[in-house]
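Novice: Everything below, folded, please.
(2 chains)
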Amino acid sequence: GNSVTQMEGPVTLSEEAFLTINCTYTATGYPSLFWYVQYPGEGLQLLLKATKADDKGSNKGFEATYRKETTSFHLEKGSVQVSDSAVYFCAPRNTDKLIFGTGTRLQVFP
Amino acid sequence: DAGVIQSPRHEVTEMGQEVTLRCKPISGHNSLFWYRQTMMRGLELLIYFNNNVPIDDSGMPEDRFSAKMPNASFSTLKIQPSEPRDSAVYFCASSLEWGAGEAFFGQGTRLTVV
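Specialist: Numbering: from 1, shown residues only, chains lettered A, B, ... in the order given. This is a model prediction of the structure:
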């Protein structure tokens, strides 16, 4: 089955710093890849996705590129804001199951 | 659409009592997932349905847990009897596309068993 490994958190940054959260996955075939974000007290919501190799998903200044050769889908943002503080989850999906990584907590300080 | 609706938002119950969590998926979605989130174990998939049929319940921790989906617009997760270690946030999510689509999550039910 699918599995995903995310970098350990928390990631602590100052406002306007550059963000990278690493994600690598194992999956059969060619999964779609997702990043979800969870703000305090809420459910997960889709941040961005990519459905095939070399696709770049982007939303709200966040980007991630589907790297088939390295089975990775790293999340990046050039300049984080305090409002980006949340937990970020990477998820591959090509079967009926939807499995998430452990999540990476991001804390941004002014 | 109002999104995935879960009820109640918060539940406090005594050990040994029966607890029923409810979920209304987004209309037209044909896949439904139940997850449990704790600090220790992260986000665990408990069970999922496709077209109201349970497909995989291997994540259900014990026989005390059961889930049903009697129709396309309603699902329940029941714990009987409840134990303190069941305390967690339980999420329901639904998806339109089988196998590759994004999932939409409810706000969750925070369960505390004392």
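
Novice: Can you name the residue of chain B nearest chain A?
Specialist: Going by CB to the nearest CB, chain A is nearest to B:Phe105 of chain B, at 3.3 Å. For the C-beta atoms, the positions are set from N, CA and C on the backbone; glycine is no exception.

Novice: Any idea what that residue is bridged to?
Specialist: Counting by DSSP bridges, B:Phe105 is bridged to B:Ala93.

Novice: Measure how buried A:Arg105 is and give me the count.
Specialist: For A:Arg105, the neighbour count with other CB atoms under 10 Å in any protein chain shown is 16.

Novice: check which helix or strand covers the residue most central in space within chain B.
Specialist: The structure's chain B has its C-alpha centroid closest to B:Trp34; by CA atoms, centre = their mean the separation is 3.2 Å. Element membership of B:Trp34 [criterion: DSSP states H and E] is strand B:31-38.

Novice: Any residue of that strand touching chain A?
Specialist: Yes - looking at strand B:31-38 against chain A by CB under 8 Å from any CB of the partner chain, the contacts come from B:31, B:33.

Novice: thinking again about what came up before, the residue nearest to the centre of chain B and B:Val89 touch, don't they?
Specialist: No - here B:Trp34 does not reach B:Val89: they are 11.7 Å apart, not a contact under CB atoms under 8 Å.

Novice: who's in contact with the closest residue to the residue nearest to the centre of chain B other than its chain neighbours?
Specialist: Leaving aside its chain neighbours, B:Trp34 sits nearest to B:Leu46 (4.5 Å; criterion: CB to CB, 6 or more residues apart in numbering or on different chains). By CB atoms under 8 Å, 6 or more residues apart in numbering or on different chains, the contact set of B:Leu46 is B:34-36, B:57, B:59-61, B:65, B:67, B:77.
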